[in-house]
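> fold the stuff below for me.
(chains A and B)
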Amino acid sequence: MRSLSIAATGMQAQQLNVEVISNNLANLTTTAYKMQRPEFQDLLYQEQRRVGGTSNEAGTIAPAGIQLGLGVRTGAVYRVQEQGTLKETGNQFDVAIRGKGYFVVELPNGVQGYTRAGAFQINQDGEIVTQQGNLVSPGITIPSDASRVNISATGVVEAFIDGQPDSQNLGQLELANFVNENGLRALGENLFEETTSSGDPLTAFPGDEGYGTILQGFLEDSNVDSVKEITNLIVAQRSYEMNSKVITTADEMMRTTSQLRS
Amino acid sequence: MDNSIYIALSKQTGLRRELDVIANNLANSNTAGYQSEQMTFKSHLIADVADSNAFAYDVATIRDYSQGTIDITGNKLDFAIEGRGYFAVQTDNGIRYTRAGNFTLDIDGALATQDGHKVLDDGGAEIEFEEDDNEIVIFSDGRLEVDGEERATLGVYLFDDENSLTREGSSLYSTDSAPTLNEGQSKVAQGALERSNVASIREITNMIKVQRAYTGNSSFIENLYQLQEDAVRRIASQV
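Below you'll find the predicted structure:
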């Protein structure tokens, strides 16, 4: 009975669906989290009777054949690259990206990581770092006597020092872009790393053509739509139930057979 | 009399296959662009046997070509076809067709399926994007505009006889017949996906019907055995 294993693939798929939904809901308030979605595909087909084969001795062509599908598989789990809502925090080192692009982060192992979560801090040396203490490229040091730091839409960081009329230009934040953002590998902690399918990073300054702009004092919220997730959850649970119903039916049919002449 | 058992058996074999088809439909009830299937039976007459012995014969699986529900996803690279038609993709084995429009960009910046097969335009060429392309807009006739400039037309291909399409798995169809281009019969929607057109309620009721028919056939076989046994006993007692 193929039905047993076919229904099992259906149940496995829905289980994964629920796992992805639960991760989305768990990250409902994670800064710059992009919701994930599983995409399912049908599995291979077994041909019982070929499409276009002859159906009798006279050579009549059968208009449709018999193809028995073998279930479902997960094609991909991908991120929906939609802008999350921007929420005001008032923190001068909180920056949000409006549009495309990622901040470049120097990871401890020497590789570059990419993030859209702009909740930055200052470390003991006055450098702009992420929450985990990783340096934000290109490495901007804030003087200790700065009273206020201003980050412009194009990422230019300026410090105002008490007693000095002019602001001090400290550098400009960089943004990286990828041909295929969905090819980035998630490292956790809001970080991504490049892969062969994402392509090489293309760095530029915020506001350049094709790159987003920076908004100081704001953070990008997750783009998870809780209503959508909950309805997806209902669909997933019901499909799971229906697939289990197939297993029960197949089981009962096999019992009917085994009880013949008992 | 033996024939009766075989006739019941022929139906049972078919019913098992029908359950397989139902199981596959339900397993794919969440697969984008999946088109449900149904088994059709016909009675198969054996002419040289006296009277009419009608064996059940599962003649074909018929695909349901009704429109699946369109789900708004908000992802700008998700496309759904409203009406008939298929997207064409380039695979290693040649051009394949699909209704699952959950596309992405590949490493070259070309529009591709989740498996990395490039999506073709109305002329059979790949659709490529640059990294500084911002706004991708598609019109209902398939015209793709990037930042206000027309780039390509997403190919929507129609078939006179969709039954000639063979399923290959991974939401792809292959065919030998030549398609025609969409000329306004079907529309393309952006940020939307066509879900499967599996009607769960129909599948579940079909499943109940299959099970009942199967049990019915089993008890029929059981009765036939009983009949044979009785016959043997009676004949033996008369000797």
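> can you give me the helices for the stretch 151-262 of chain A?
A:226-258 (DSSP state H, counting those that start in this stretch).
> flag every residue of it that's near chain B.
A:177-183, A:196-199, A:202, A:209-211, A:225, A:235-236, A:238-239, A:242-243, A:245-246, A:249-250, A:252-253, A:256-257, A:259-261 (Cβ under 8 Å from any Cβ of the partner chain). Using the backbone N, CA and C atoms, a C-beta is placed for each residue, glycine as well.
> helices or strands next to the longest helix anywhere in chain B in the packing?
Across chain B, the longest stretch assigned as helix under DSSP state H is helix B:200-238. On a contact count with 3 or more Cβ pairs under 8 Å, 6 or more residues apart in numbering or on different chains; DSSP states H and E, helix B:200-238 meets helix A:226-258, helix B:2-27.
> next one: it to chain centre, how far?
32 Å (Cα atoms, centre = their mean, to the nearest Å).
> again with stretch A:38-53
Put simply, stretch A:38-53 sits 30 Å off its chain's centre (Cα atoms, centre = their mean).
> again, but for stretch A:130-147
The chain centroid and the centroid of stretch A:130-147 are separated by 28 Å, computed with Cα atoms, centre = their mean.
> so where's chain B shaky on pLDDT?
For chain B, the stretches with pLDDT under 70 are B:1-2, B:43-53.
> list phi and psi for the most centrally placed residue in chain A.
Nearest residue to the geometric centre of chain A (Cα atoms, centre = their mean): residue A:79, 2.7 Å. Dihedral angles of residue A:79 (phi, psi; degrees, to the nearest 10) stand at phi -90, psi 140.
> for it, list each beta-bridge partner.
residue A:36 (DSSP bridges).
> check contacts around residue 68.
In the absence of a named chain, chain A is used. Listed by Cβ atoms under 8 Å, 6 or more residues apart in numbering or on different chains, the contact set of residue A:68 reads A:2, A:45-46, A:48, B:17, B:20-21, B:24, B:61.
> not quite, I wanted chain B
Counting by Cβ under 8 Å, 6+ apart, residue B:68 touches B:33-35, B:99, B:194-197.
> which one of the residues you listed is nearest to chain A?
Nearest to chain A among the contacts of residue B:68: residue B:34, at 5.9 Å, using Cβ to the nearest Cβ.
> any idea which element the closest residue to that closest one other than its chain neighbours lies in?
Of all residues not flanking residue B:34 in the chain, residue B:196 sits nearest, at 3.7 Å (Cβ to Cβ, 6 or more residues apart in numbering or on different chains). Per DSSP states H and E, residue B:196 falls between elements, in no helix or strand.
> can you report how many residues lie near residue B:196?
26 (other Cβ atoms under 10 Å in any protein chain shown).
> quick one on the thing from earlier: you'd agree the residue nearest to the centre of chain A is up against residue A:35?
Yes - using Cβ atoms under 8 Å, residue A:79 is in contact with residue A:35, at 7.0 Å.
> without its sequence neighbours, what residue ends up closest to residue 99?
Using chain A here. Setting aside the residues directly before and after it, residue A:99 is nearest to residue A:212 in space (Cβ to Cβ, 6+ apart), at 2.6 Å.
> please refer instead to chain B.
residue B:33 (3.5 Å).
> spit out the contact partners of the one you found.
Residue B:33 touches B:68, B:98-101, B:171, B:193-194, B:196, counting by Cβ under 8 Å, 6+ apart.
> state the number of residues packed around whichever residue of the stretch 151-262 of chain A sits closest to chain B.
Using Cβ to the nearest Cβ, the single residue of the stretch 151-262 of chain A nearest to chain B is residue A:210, 3.0 Å away. By the measure other Cβ under 10 Å, the count of residues near residue A:210 is 17.
> now list the buried members of the residues of the stretch 151-262 of chain A next to chain B.
A:177-183, A:197-199, A:202, A:210-211, A:225, A:235-236, A:239, A:242-243, A:245-246, A:249-250, A:253, A:256-257 (16 or more other Cβ atoms under 10 Å in any protein chain shown).
> show me the contacts for the most centrally placed residue in chain B.
Centroid-nearest residue in chain B, with Cα atoms, centre = their mean: residue B:35, separated by 3.9 Å. Listed by Cβ under 8 Å, 6+ apart, the contact set of residue B:35 reads B:63-65, B:68, B:99, B:196-197.
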